[in-house]
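Asks: got a predicted model here, sequence first, then my questions.
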Amino acid sequence: MQTECGVAGPGGFLIRVGGMARLTFRSAVRSRLVLTLALVLLAVVAGLPATLKGDGTPAGGARVILHYTLGLAALVLGVVTLWTACGAIAEEVERKHIQLLVSKPVRPAEIWLGKWLGILCMDALFLGAAGLAVYAQAARYAAALPPAARQGLRQEVLAARRAWRPAADPVEETVDAAYRSLAARRALPPNVPARETRAELRKQALARFTVVPPGTARVWDLPASRRVRVPAAGTPLTLRYRLVSTGPGRFAAAGVWRIGTAENPALAEEAARIMRAGTHDLTFPAGALARAAGEGRALRIEFRNGDAETSAAVVFDPEEPVRILAPGGSFGGNCARTVLVLLCVMALVAAVGLAASSALSFPVATFAAAAAIAAALMIRYFAAAAAEPEAGHVHRHGHAQATDGQSAWLRAGERVIPALDVLVAPATRFAPLGRFADGVLVSWGFLGGAAGVLGVGYPALLALLSIGVLRRREVALPA
Amino acid sequence: MSAPSAVESAAPAVVEIRGLTKIFRDFWRRPKVRAVDGLDLEVRPGEIFGLLGPNGSGKTTTLKIMLGLLFPSGGEVRVFGRPPHDIATKRRIGYLPEESALYGYLTPRETLDFYGRLFALPAAPRRERAGQLLRMVGLAHAAERPVGEFSKGMSRRIGLAQALINDPELVVLDEPTAGLDPIGCRQIKDLMLALARRGKTIVLSSHLLADVEDVCDRIVILYNGRIRAQGGVTDLLEKKDLTRITVPAVPAETLRAVIGMLRESTGRAPEVEHPTMDLEHFFLQVVEEAHRSSQAPSGVGRADGTARYLDGREAGRGN
């Protein structure tokens, strides 16, 4: 007797996975989860812009709509996604539905994939709706502004500007060179571990690259880029710089920004008086500079600080000190890509929830998955703390009895935390909302990276883990 | 009961269990309960095989190991010659669990469609089979109501329908008549007999002895995870030292003469009684008359025989 009446091969796989996905989506829809979520998202999208006023400028108001509204919608959806994913398999086990599922010719991988895709369908529906609502709100907001302000808003915020950055400062190379030089001169400090010496040298190198004292200048070279489009006539280019300090005290800094090429370094020049740390924009008229940018020529940016009587030292952000923003695409396209990157984030959240759900009961899975996500978001701070050489001083300089046990933990932490940081670091690189709300292009490359890392890479690893657990799990154990 | 030729065939066993032991452990992996203890049994193609025993005797545990839902602590289980978790094996099995673990938010039609998808059935046969099964279990009129609103008996019928969506060769039924009214019980028993006539193998567990006696070819009786009795139902229940003769009512003189002859032959007087109809048959007769004179009850409608594809009447079937 042969009852091989089902579709074999990839077709059968798709039918089974599609069945699981439909079931998961229906479960969400019919448990009134979707209705509740729709009401919450409606309240967020409609209510938030009315309650937050921004900084009083048109750009500030628009940023509230773009960043906070879409961000809060994504946060609410993230919580619901985690909740749904944590229940997706755990509740199947608790309600004994899994016993029927496992008796059918469906593989653990198909159950996992179907559940994951079903949750993503729900996410896509709501993120799409939230993205459209935010886009419509931003358009309505711009339409209500006077023409000049509207024009400015469309150039600054409701835009998709490509960022043109200088090459990263060679901090590690500088540290290596300095360390080798000290070693060659036998000038390394005695009884100090190499890690601590290097940390000190790193601080010095960072200071050299980021601190611009009064009376000095810093130059950044932007490599030639063919990706920067020639702006339309009248479209400005923006120089964005970020300071982490303008110390000491409340002293203001004053200096001059120049942008040009190697041959003509002052194609554009602008004086700046800097009252606070943070992000600042300077707008340069498109002209010779725009032409140079459009021709794909290397640009040079120079900041010359004022003298000690009129200015204070400034400290640039080591990660992103300066960049030029030039037109790079449409706002609608940027909005769509931002929503797709957020969908990739949801894909990872759903995978984390499903991984926890395949091994643990619903409440324990929810707690474990939420804790794992929180730890992943904070691990870089722990890693930075673990890398601080001061942590070792407790062990070396005193409290010997009390800290021997601690030091073992510290040593373990010093190894484990950086390893975890390396493991999760790629996942934390894809935060599109800041770019989107700043009118910075969320490029196809950025979206592709997010899809590869958040949408495929990490979920695939978590899926393998979950499938391994599901294969070994007895699903019909007595309670 | 199914044809003896099917039961006694020399074909390989559908289910082979050798030395099966299952020990449930606590959180710290310490042994808690020995649910099955050195079980050996074989289920042959085309037979209706009953697992009997009181609660906690290991019936359901044995079935769940056969289906790959639990793993044996010792011994070996093979279904169609393969391990129970093998995907190709599962394609040939239909399972009705003890508790109908159905999704309350799905309608019966969606439920059958979902389980049909898990067997990768194409859309058209899926729809067709779902319709036939719904008519077979008498729930065609409730096909669009959420299963969560159903009574236990109605859920049980949907559970049975999903177990048959793939036209299985081996049907595993755990307490199939639990929660069903006498009509449902009779229908399920008739269905089991019809499936066995078509060569399907059925394994059922039950503690309702009348159900088992009505349909099973062979049984095992479990107690504390061990087999206490096994064999053909007729062989086990036959009273070889007694003979029953049933004839139409006869005049008193004839009866007296027959009794005299039997007393002379056996040396003791035979018991004479007027047989009564059993309550199940009487109930079914009353309900049948009620069906004819009024509308169907709001829950389960009139069942419509066996689904055509299970009868082998569907064109283009695989077997």
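Replies: Sure thing, it's come through.

Asks: going by C-alpha atoms from here, please, whenever you check contacts or count neighbours.
Replies: Noted.

Asks: next SSE after the strand or helix carrying B:Ile188?
Replies: In this structure, B:Ile188 sits in helix B:182-197 according to DSSP states H and E. Counting by DSSP H and E, the next helix or strand C-terminal to helix B:182-197 is strand B:201-206.

Asks: hey, C-alpha coordinates of that following strand in PDB?
Replies: Extracted C-alpha coordinates of strand B:201-206, given in PDB (Å, rounded to 0.1, in the frame of the first residue of the first chain):
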ATOM      1  CA  THR B 201      -4.100  -1.400  10.100                       C
ATOM      2  CA  ILE B 202      -5.600   0.100  13.200                       C
ATOM      3  CA  VAL B 203      -4.100   0.300  16.600                       C
ATOM      4  CA  LEU B 204      -6.400   1.600  19.300                       C
ATOM      5  CA  SER B 205      -6.100   2.000  23.000                       C
ATOM      6  CA  SER B 206      -9.200   2.000  25.200                       C
END
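
Asks: pLDDT averaged over the helix holding B:Ile188 - what is it?
Replies: For helix B:182-197, the mean pLDDT works out to 86.

Asks: chain center to it, what's the gap?
Replies: 8 Å (Cα atoms, centre = their mean, to the nearest Å).

Asks: could you do stretch A:144-153 as well?
Replies: For stretch A:144-153 - counting by Cα atoms, centre = their mean - the centre lies 30 Å from the chain centre.

Asks: so where is the stretch 201-319 of chain B shaky, pLDDT-wise?
Replies: B:279-280, B:283, B:287, B:291, B:294-304, B:312-319 (pLDDT under 70).

Asks: how about the helices in it?
Replies: Assigned by DSSP state H, counting those that start in this stretch, the stretch 201-319 of chain B shows helices spanning B:209-215, B:233-237, B:252-266, B:279-293.

Asks: what's the first helix or strand after the helix or strand that contains A:Gly445?
Replies: Assigned by DSSP H and E, A:Gly445 falls within helix A:444-450. Using DSSP H and E, the helix or strand that follows helix A:444-450 towards the C-terminus is helix A:458-472.

Asks: what mean pLDDT does that next one get?
Replies: Mean predicted lDDT for helix A:458-472 stands at 95.

Asks: what comes up buried for that helix?
Replies: Buried residues in helix A:458-472, counting neighbours by 16 or more other Cα atoms under 10 Å in any protein chain shown, are found at A:Tyr458, A:Pro459, A:Ala460, A:Leu462, A:Ala463, A:Leu464, A:Ser466, A:Ile467, A:Leu470.

Asks: so what's the backbone phi/psi at the most centrally placed residue in chain A?
Replies: Central residue of chain A (Cα atoms, centre = their mean): A:Ala431, 2.5 Å from the mean position. Dihedral pair for A:Ala431: phi -120, psi 100, per degrees, to the nearest 10.

Asks: distance-wise, check the residue lying closest to B:Ala13 once chain neighbours are set aside relative to B:Val14.
Replies: Nearest residue to B:Ala13, sequence neighbours excluded (Cα to Cα, 6 or more residues apart in numbering or on different chains): B:Arg44, at 4.5 Å. Per Cα to Cα, to the nearest Å, B:Arg44 is found 5 Å from B:Val14.

Asks: shared neighbours, those two?
Replies: Common neighbours of B:Arg44 and B:Val14, using Cα atoms under 8 Å, 6 or more residues apart in numbering or on different chains, are B:Thr201.

Asks: just the pLDDT for whatever residue of the stretch 251-400 of chain A ends up closest to chain B.
Replies: Among the residues of the stretch 251-400 of chain A, A:Leu360 lies closest to chain B, at 13.2 Å counting by Cα to the nearest Cα. For A:Leu360, the model assigns a pLDDT of 94.

Asks: can you tell me the element A:Tyr179 falls in?
Replies: Using DSSP H and E, A:Tyr179 sits within helix A:171-184.

Asks: what residues sit buried inside that helix?
Replies: A:Val171, A:Thr174, A:Val175, A:Ala178, A:Tyr179.

Asks: how far off centre is that helix?
Replies: That offset, for helix A:171-184, works out to 32 Å (Cα atoms, centre = their mean).

Asks: what's it packed up against?
Replies: The contact analysis (3 or more Cα pairs under 8 Å, 6 or more residues apart in numbering or on different chains; DSSP states H and E) places helix A:171-184 against helix A:194-210.
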